[in-house]
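J.: sharing a model prediction with you, sequence too.
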Amino acid sequence: MGETRATKPLQVTDANFDSEVLKSAVPVLVDFWAEWCGPCRMIAPIVEDIAQDYAGRVKVCKLNVDESQSLASKYGIRSIPSLLIFKAGSVVNQVIGAVPKSELVKRLDMVLKT
Amino acid sequence: MIIGAGPAGLTAGLYASRAGWRAGCLERLAPGGQAALTAVVENYPGFEQPIGGFELCSRMEAQARKSGMELLREEAESLTLSGGGVSVKAASGALDAGAVIVATGARPRELGVPGEKELRGKGVSYCATCDGPLFKGQTVAVIGGGDSALEESLFLARLCSRVYVVHRRHEFRAVKVVVERALSEKKIVPVLGSTVTSIIGTDSVEAVEVRDVASGAPDRLEVAGVFLYVGLLPNSEFLSGQVARDDSGYVITNEEMATSAPGVFAAGDVRRKLLRQISTAVGDGAVAAVSAARYLHGLEKERK
């Protein structure tokens, strides 16, 4: 019933980060977030929209920093939401803090072009 | 048309749509604005058990939508006034309205010291609620002496091992109950009469350098995070040249929330006013909606 979303953000953890993010064939947007984080909840619908809009071209993942603390510290996450764009296993772009959808679209299109 | 879906904009939307007007609310990010980033709200009447800022704003949004307000996820880029109407330029095109309520709020002011920009998101933060838990068990500094600075220091004291509060004056400006609570918290260490001269760190924040205002003596505080609460800047740049603003950029209105431009009203933190709180923002929003409605009625009469 209601609106069905074809592509939803994928939850990643320590267990599948390697296979889903680092070894992904397409660029990956990873949203580092936590339950207690207001702006993370504010941008959650935007991240879901992106997953839908870029289905097949960009993989959208969510990583809970409380559950995967080692990954959060590995990537130097000191502020959330932090949105990291991975391509071929490395970070190629990074957005810190809540931003409008248009800003994310701009960054993703830039990454897809290169 | 309402610009901004914080407490002021959402209240304006509630009142306008209940009065039978078609009310659209533009929001660049997500409903709630700054209020949604507040950990707990203790001074909004009706909630004797403190309510989370995000939760309170979600309820305001739900109520406004239920009454018929339409939320549009778009950023207002500029405003054009034309005979008896206002046109708002957004990314997707121009949106025309009979009247506009500007409720774009304010954003944290930057301190403007070396290291602040470079280390933003790497230990420099403007939101303790958002980033505080990433500094669990560590030492942090809060800069500022107002209500926000001390309330967020208390929040951080629950998580961090030590919280320095650096303030340029010798007394905090926050309300008495909050100052007393902060001063009795053992983890909070006031650093009064001092200003921050720079934020130090390579990959992440390592320390803040401060200077005693009276003696000029420098000091260094070893911290992993710096939380800045040194005032606000109004989100009013897009109104440039169209609506009268004061020297700080706050929109000037009368008691009816009318600005210098016919058909343009303002509500909430973006206005020049004495007190910027959720409780004052919702009052502004209600008045602005009624004023805008009265203005639209006047226009309709003229046309007849």
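T.: Here it is on my side, so go on.

J.: so which bits of stretch B:263-281 are buried?
T.: The neighbour-count check on stretch B:263-281 (16 or more other CB atoms under 10 Å in any protein chain shown) flags B:263-273, B:276-278, B:280-281 as buried. From N, CA and C alone the C-beta is placed, and that goes for glycine too.

J.: so which of these are in helices?
T.: Of the positions in the buried residues of stretch B:263-281, B:I278, B:T280, B:A281 sit in helices, assigned by DSSP state H.

J.: related to what we said a few turns ago, near chain A, list only the ones from the buried residues of stretch B:263-281.
T.: Intersecting those with the contacts of chain A gives an empty set (criterion: CB under 8 Å from any CB of the partner chain).

J.: report the contact partners of residue 24.
T.: Looking at chain A here, since you left the chain open. By CB atoms under 8 Å, 6 or more residues apart in numbering or on different chains, the residues touching A:S24 are A:K59, A:F86.

J.: hmm, I had chain B in mind actually
T.: Listed by CB under 8 Å, 6+ apart, the contact partners of B:G24 are B:M1, B:I2, B:M69, B:E70, B:L71, B:L72, B:L95, B:A97.

J.: and A:S90, how many neighbours?
T.: A count of neighbours around A:S90, defined by other CB atoms under 10 Å in any protein chain shown, yields 9.

J.: phi and psi next, for it.
T.: Note on A:S90: backbone dihedrals following degrees, to the nearest 10 are phi -130, psi 160.

J.: per-residue pLDDT, it?
T.: In the prediction, the pLDDT value recorded for A:S90 is 95.

J.: for A:P27, see how far away it is.
T.: For A:S90, the distance to A:P27 (CB to CB, to the nearest Å) stands at 11 Å.

J.: ok, A:D66 next?
T.: Following CB to CB, the distance that separates A:D66 from A:P27 is 26 Å.

J.: more crowded one of the two?
T.: In this comparison of A:D66 against A:P27, neighbours counted by other CB under 10 Å, the higher total goes to A:P27 at 19 against 13.

J.: hang on, isn't that one packed against A:G89?
T.: No - assessed by CB atoms under 8 Å, A:P27 is found out of contact with A:G89, at 10.9 Å.

J.: wouldn't B:A97 be in contact with B:G85 here?
T.: Yes - counting by CB under 8 Å, a contact exists between B:A97 and B:G85, whose distance comes to 6.9 Å.

J.: more neighbours, these two?
T.: Neighbour count, other CB under 10 Å: between B:A97 and B:G85, B:A97 has more, with 20 against 15.

J.: how about that one, nearest residue that isn't a chain neighbour?
T.: For B:A97, ignoring the flanking residues on the chain, the nearest one in space by CB to CB, 6 or more residues apart in numbering or on different chains is B:M1 at 3.6 Å.

J.: repeat that for B:E75.
T.: Leaving out its chain neighbours, B:E75 is closest to B:R28 (CB to CB, 6+ apart), at 3.7 Å.

J.: and the one you found, what's its pLDDT?
T.: Turning to B:R28, the model gives it a pLDDT of 91.

J.: Three-state assignment for it, please.
T.: Using DSSP: H, G, I helix; E, B strand; the rest coil, the three-state assignment for B:R28 comes out as coil.

J.: and B:L81, what does it touch?
T.: For B:L81, the residues meeting the contact criterion (CB under 8 Å, 6+ apart) are B:S87, B:Q242, B:A261, B:P262, B:G263, B:V264.

J.: interface residues of the stretch 1-150 of chain B facing chain A?
T.: By the criterion of CB under 8 Å from any CB, the positions of the stretch 1-150 of chain B lying close to chain A are B:28-32, B:36-38, B:52-54, B:73, B:75, B:91, B:120-123, B:125, B:127, B:129-131, B:133-134.
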